[in-house]
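A.B. asks: Give me the fold of what follows.
(chains A and B)
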Amino acid sequence: MKIKKVLVLGSGALKIGEAGEFDYSGSQAIKALKEEGIKTVLVNPNIATIQTSENLADKIYFLPINSFFVEKVIKKEKPDGIFLSFGGQTALNCGLDLYRKGVLKKYKVEILGSPISAIELSEDRKKFAKHLKKINVSTPPSLAARNIKEAINHAEKLGYPVMVRSGFALGGQGSGIANNQTELKEILEKAFSFAKQVLIEKYLHHHKEVEYEVVRDSFDNAVAVCNMENMDPLGIHTGESIVIAPSQTLTNHEYHKLRSISIKIARSIGIIGECNVQFALNPNPKDGELEYYVIELNARLSRSSALASKATGYPLAYVAAKLALGKNLTELKNKITDATQFCFEPALDYVTVKIPRWDIEKFKNAEEKIGSSMKSVGEVMGIGRTFEEAYQKAIRMLDLDFEGAVNDEIFKKSSIKDVELFLINPTPKRIFAISEGLYRNMKIEKIYKLTGIDPWFLYRIKNIIDHEILLRMKLRKDKNSLDKQAVLKLKQLGISDKRIGALVGKRGLEIREIRNNLGIKPFVHQIDTLAGEFPAKTNYLYMTYNSSHNDLTSSGNDSVIVLGSGPYRIGSSVEFDWTSVTAINTLKKHSKKSIVINCNPETVSTDYDISDRLYFEELTFERIADIYEYENPFGIIVSVGGQTPNNRARALEKKGFKILGTSPRNIDRAEDRSKFSSLLDSFSISQPDWNKFTQISDALNFSKKVGFPVLVRPSFVLSGSNMRIIYSREELASFLKKILSISRDYPITISRFITDAKEIEIDAVAEKGIIKTFAISEHIENAGVHSGDASIIFPPQKIYIETLKQLRKIAEILAKELSITGPFNIQCLAKDNDVSVIEINLRASRTFPFISKVTGVNFIEEAVDAFFGKSGEEKNIDIMKFNFVAAKVAQFSFARLTGADPVLDVEMTSTGEVACFGDQTEEAFLKAEISVGGRIPKKGIFISLGGDENKIKFLETIKRLKMLKIPIFATEKTSIFLNRNGIKSKKLFKIHEEKNPNVLEYFQKGLIDLAINITDNNLKKDINDDYFIRRTAVDHNIPLFTNVKKAELFIKAITEVNLNELPVKSWDEYGARDVNRGVGD
Amino acid sequence: MTFEGENFGALESASGELVFSTGMMGYPENLTDPSYKGQILILTYPLVGNYGIPDKKLWESDKIMVSGLIVSDYIDTPYHFQSKKTLGRWLIEENIPGLIIKDTRLLTQIIREKGTILGKISNGEDIDPPAGPLRSEASEAGFYDPNKENLVEQVSTKIINKLITNNRARNILLIDCGAKKNIQRALIKKGVNVITVPWNFDTTSAQLNEKISGVIVSNGPGNPKYVKETIENIQKLFRLNMPILGICLGHQLLSLAAGGDTKKLKYGHRSQNQPCIMERSKRCFITTQNHGFEVSKIPSGFKAWFTNANDGSNEGIVHKNKSLMSVQFHPEATPGPEDTEWIFDFFLEKI
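C.D. replies: Okay, the predicted model is just below:
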């Protein structure tokens, strides 16, 4: 049958374990389908993605990716094929569900790509192990268990330590290593709340972990596109590991045996498209023969395949999509070389190093240790022609102010014993413990024993340190030892100008000058998939000092550099890839070639077909300047990649580079608190009272004057001490005492916190100070929840006209005063028509994709037009004309972060977002909440309301819950209050009370499927029982609400909206793009 | 054109044909592959030496065959349970220079654009060993061109070597034109006996007690047209109706013996990722290759068996009705993918 229409399932919100890589894979799949003239329908509520942009899929549904909603889409759209392998585990699970429920059969939808049998086999650990045994492939000795008792028995049979793995879970959720029964029980409790079955596996101590990406077509042609080796040994999830492609420590025999086995497995289960196979390899086999175990197979595009694509230049997702349509690998032309075809295995003439980016310290109480389940929120990939170069690039790419392999600060005061502890226990700091250990003359064999990191890697790191020491020694003898040979060697090892500067007592810029005078510059190389064997037309580039020639000439004046976002992290993720890609696309309109600099392998902006030139490079000043000086472009855009590029504006301008858009001087006026504050004062725009303090007494006096609560912001240098709201004098005093470093260098900022205020976002674009487009959206939660975590509604439903007018006025004044050209965002508070400004960002904000897609006005296109002075008349967005509502809600990944307190607060903790449309707010919000894991409770609701105020506020809403006709449980005081007000509820003891009936027990037994925990922040408690309730809820996969406004809206939505009767409408059917059509064009 | 670099091998000069290989794994196998005789090998993958050098029994011949080695980043701190010594140590022991020049990619691009060129690694005189810079320079005079002589006789075995593991098994004659050891290992694994003979061994006149079921003509270095005696011996085998499998050089020799022709490729195929499409099928195999010449005319009576998917060059021929076949790639792998090992089975089934 000829396929005419294909349904593609996305992966929803970015979460730990399932992130931006699926925007890349989905986008490529859609493009591959379009090329064949096939209509595409996409279901993905992640509005910040590129795949949900105009001109990609023919129909886009911003709906939850579950069988309930997808069935509705299938019924309406009648696709004849479905792609399940481009949207991560979410899409795969949804597809399996659709298949098992008979939906696909009923509507005659063909699963394209790997057959369902392959997916089922790879997802069922027991069956998979059995299958591998049948084809003579080794798997770790393991036993499957369906309950805790069975699992413990198995563990005893295998002997501790054991590895627990759960089926059907993304990113190793619910897995872990247990050294004894207690640890095992702890892991199992969590594992069984996500999975029905777990595998108890013999733990393979310090084995190498190696992975292959296999592509196979329906004619049985199969290639292993890439192999990768984890620097960290087995036991650390591959998403948490430093990964090197290609493998470095494998012999030909090991490499090709494992390669053959991975292809054999792919063949045996009938993969069509792509899969990856993970191996454990014994570095010291007893009999000298190859000793390996297959750990896992993913019958879909994965995080690793995205990495492999970027590491090799081979577009795995694009190829997999074509193969799913029945194409032969040899039919597909290699788009990188433009001379060969895709039935081959890339040869690299460089090495790549991936390092995860963690933000664990952003989460209150979260455990720093990393292991077999994912905690990282993003990743970077360094490319070089020595390991040292690639490794140190990657460390800088993390954008955490690390200059390279060595960090002088972290272990400055640590004893050697402490350093050893950090070597034994893997944390994000381990890489620096290695260099610290080496600096302190620790033996390689010892570090190997403690870490399990192959000495090969340790020797490479030691090489860096040896050269640092050598430089210091030479410098002692001769002040002018920075000769050409010495500097070149350091640069070839990937040591930054700043680091060299630190070693010799100079600034980075001085080293840059010395270096330039010596004629030492990095060279531009192409990634061509064939190591230079064929001339390639590729745009995919990196820079290296291990060369003496450039592969191509500079672009010159008709090109523009766009700085991408760098690694995804809390506070900056796929939304800034959307803004980057949109800016790149818009440059074509202005006859400019685009040059992208980015270093994040999960992004679409680093795809082969997005820009005219792609530098997969650091977003450090040094490297941006290298590229700018080499390319000599028309200018550089710093305002579409989030805060990182924005931070570079000042230095780049100083260097004489042309920044497109608002001048860095004005960026500084907006970002410097004091300057911005006086600017606001001069126009009588109000702002919450604030000041900076270096004395405890002054801080206390100020807080008393403005009244508690206050918002306290320690200086950024004090990592781990986050911004917070403080409710009393005692709390403030003790907090300030803790932050002893409060001094003239590190002042603390305190501002008045306005309670019960509405928070409002202004997104806008201006040209030469005149607004060209402007939109207002409102937060559901009152001020006090970080805007990245807040639920946002457009068009605003509950803002006074008078407030709207004031907001517009403020935006006009600020645009003019800061002479804004390009995107900007203002965050405001409103209470009873009093508007005050919290902050302004003279760059595209997180809400830009949401606002653009909802209003139908592409804010980034407008911004780029403004850069070129061509934005024309204002694109007026009339909020009265919208007859729908869109709700954006945050995705949290607390379950992943052991110990983290899952409470909404002023610090951002969400990892992603979705947005859904509806005829009213409740519908849009409910669909959005379901998209991020919310469920309509069917079993029981648990409520705990701290303080009288919260109880009274919440009463009306709770009364609605009676409509659900399910039991309500509550803590003692809440229960008394509810019963007194006619709401029958059963009292549960708190966890620490250790009495039955207990909350813990009800959570564990699965009797509760909605938990509402609202704390009264004015109450000081000895035992943080609320924290335990919240944490336990999250650990048992129970939807949790901790914010009054959000909980109210959710309850309203589940009691008012009937999901079965909802219309199924695609993006275009809501008519967003039509609302403003013709206006201003 | 000259490149300056650092020597990590023996302080010797070397001269030969400059070739590059894009394979990322298997430098010990590469260096001991007799097909590299007379050549200075450039490895395009920059990091070389990572896992040291294993025991001799894992090599492809008893010594280093390249005249010189050029890499971008030499690793002198290998770590692997099989490692017996560093690559640098090995090169010194075997008197082979090893050069580190940073821009191996540029050298590769030059060869790609200009075609295979002659090169020379020469020692700087004024610098003290062992860490002094070396110079590889290419001027017209004093260059050794390995394509102008019969290299096969330099690398072939001088004696007959019988590996009889099972008296009842079939005997396969391996004509050693510079055979990689893994051909023998692969055949033994298939349960046949292997009798290795010198390149010019004439089966029709010489005495062998064993009955031969089939002949494999091995890989080897240089221009096939210089290997006249082997070509003649193959023609004699044709008359005996002896089943023959040619590998690499053996493929070229079989073709020449049957009336086909060969010519030099611009810069050869030396890699582990060459896609070969099997004619009259939808199948494509990833193969490992090391050759500078190609079969440019398929002899009559034969048809194309495999064709290179990248450049369309011939990668194998098979006789229309006799058990005569040959492949340009290496079914024995090492280094490289093992995907065409079935060629041996296919051949053994036909005899």
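
A.B. asks: Look up how far B:N50 lies from the residue of chain A found nearest chain B.
C.D. replies: Using CB to the nearest CB, the closest approach of chain A to chain B is made by A:N252 at 3.2 Å. Where you see a C-beta, it was placed from the backbone N, CA and C, and this is true even at glycine. Look at A:N252 and B:N50: by CB to CB, to the nearest Å, they are 11 Å apart.

A.B. asks: A:N480 now?
C.D. replies: Using CB to CB, A:N480 is found at 36 Å from B:N50.

A.B. asks: between those two, who's got more neighbours?
C.D. replies: Counted by other CB atoms under 10 Å in any protein chain shown, A:N480 and B:N50 do not tie: B:N50 has more neighbours, with 26 against 7.

A.B. asks: Confirm that the more buried one lies within a strand, as I assumed.
C.D. replies: No - under the criterion used here (DSSP: H, G, I helix; E, B strand; the rest coil), B:N50 is coil, not part of a strand.

A.B. asks: tell me the contacts of it?
C.D. replies: Residues near B:N50 by CB atoms under 8 Å, 6 or more residues apart in numbering or on different chains: A:Q248, A:T249, A:W456, B:I75, B:P78, B:H80.

A.B. asks: remind me, longest strand of the chain?
C.D. replies: I went with chain A, as the question did not name one. When chain A is parsed with DSSP state E, its longest strand is strand A:770-782.

A.B. asks: right idea, wrong chain: chain B
C.D. replies: Max-length strand for chain B by DSSP E is strand B:261-278.

A.B. asks: Can you point out the buried residues in the helix or strand following it?
C.D. replies: As assigned by DSSP states H and E, the chain's next helix or strand after strand B:261-278 is strand B:284-297. Buried residues in strand B:284-297, counted by 16 or more other CB atoms under 10 Å in any protein chain shown: B:C284, B:F285, B:I286, B:T287, B:T288, B:Q289, B:N290, B:H291, B:G292, B:F293, B:E294, B:V295.

A.B. asks: of those residues, closest to A:S845?
C.D. replies: A:S845 has its nearest neighbour among the buried residues of strand B:284-297 in B:I286, at 47.6 Å by CB to CB.

A.B. asks: which residues touch the closest one?
C.D. replies: Here B:I286 is in contact with A:V223, A:C343, A:F344, A:E345, B:Q272, B:N273, B:Q274, B:P275, B:C276, B:P337, B:D339 (CB under 8 Å, 6+ apart).

A.B. asks: Tabulate those residues (a markdown table), appending neighbour count, distance to B:I70 and pLDDT.
C.D. replies: Listed next are these as a markdown table, based on neighbours: other CB atoms under 10 Å in any protein chain shown; distance: CB to CB, whole Å; pLDDT from 0 to 100:
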| residue | neighbour count | distance to B:I70 | pLDDT |
| --- | --- | --- | --- |
| A:V223 | 28 | 28 | 98 |
| A:C343 | 27 | 30 | 96 |
| A:F344 | 24 | 24 | 96 |
| A:E345 | 25 | 23 | 97 |
| B:Q272 | 27 | 18 | 97 |
| B:N273 | 27 | 20 | 97 |
| B:Q274 | 30 | 22 | 97 |
| B:P275 | 24 | 26 | 97 |
| B:C276 | 27 | 28 | 98 |
| B:P337 | 26 | 24 | 97 |
| B:D339 | 24 | 29 | 97 |
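
A.B. asks: Which one of those is nearest to A:H549?
C.D. replies: B:N273 (24.0 Å).

A.B. asks: Just to check, that closest one is in contact with A:E345?
C.D. replies: Yes - when contacts are counted by CB atoms under 8 Å, B:N273 is listed as touching A:E345 (4.3 Å).

A.B. asks: Tell me where the chain is predicted with low confidence.
C.D. replies: Unless you meant another one, I'm taking chain A. Regions of chain A meeting the criterion pLDDT under 70 cover residues A:1, A:167-173, A:715-721, A:740-745, A:1020-1023, A:1076-1081.

A.B. asks: That was the other one, I meant chain B.
C.D. replies: B:124-141.

A.B. asks: in it, which spans are helices?
C.D. replies: B:27-31, B:87-93, B:104-114, B:152-155, B:181-189, B:228-239, B:249-257, B:342-350 (DSSP state H).

A.B. asks: now for the third one, which elements pack on it?
C.D. replies: Using 3 or more CB pairs under 8 Å, 6 or more residues apart in numbering or on different chains; DSSP states H and E as the contact criterion, the neighbours of helix B:104-114 among helices and strands are strand B:14-21, strand B:39-43, strand B:68-71.

A.B. asks: Show me the chain divided up by domain.
C.D. replies: All of this refers to chain A. A:5-114, A:123-348, A:354-523, A:553-659, A:690-748, A:937-1061 (automatic domain parsing).

A.B. asks: hm, I was asking about chain B
C.D. replies: Following automatic domain parsing, one gets these domains for chain B: B:2-148, B:152-350.

A.B. asks: How far does the last one stretch from one end to the other?
C.D. replies: Spelled out, that is domain B:152-350. 28 Å (CA to CA, to the nearest Å).

A.B. asks: so how far is that domain off the chain centroid?
C.D. replies: 12 Å (CA atoms, centre = their mean, to the nearest Å).

A.B. asks: got the residues of the stretch 551-700 of chain A near chain B?
C.D. replies: A:D551 (CB under 8 Å from any CB of the partner chain).

A.B. asks: So what's the residue count around A:G899?
C.D. replies: Neighbour number of A:G899 under other CB under 10 Å is 16.

A.B. asks: With A:L1019 instead?
C.D. replies: Neighbour tally, A:L1019, other CB under 10 Å: 10.

A.B. asks: Is it in a helix, a strand, or coil?
C.D. replies: Using three-state DSSP, the structure places A:L1019 in coil.

A.B. asks: ok, now which ones touch it?
C.D. replies: Contact analysis of A:L1019 by CB under 8 Å, 6+ apart lists A:G946, A:G947.

A.B. asks: Kindly provide the distance from it to A:N950.
C.D. replies: 10 Å.

A.B. asks: Could you do B:L91 as well?
C.D. replies: From B:L91 over to A:N950 (counting by CB to CB), the distance is 77 Å.

A.B. asks: Between the two, which is the more surrounded one?
C.D. replies: Set side by side, B:L91 and A:N950 show more neighbours around B:L91, with 25 against 17, by other CB under 10 Å.

A.B. asks: Touching, the more buried one and B:K63? I think so.
C.D. replies: No - using CB under 8 Å, B:L91 makes no contact with B:K63, being 11.3 Å away.
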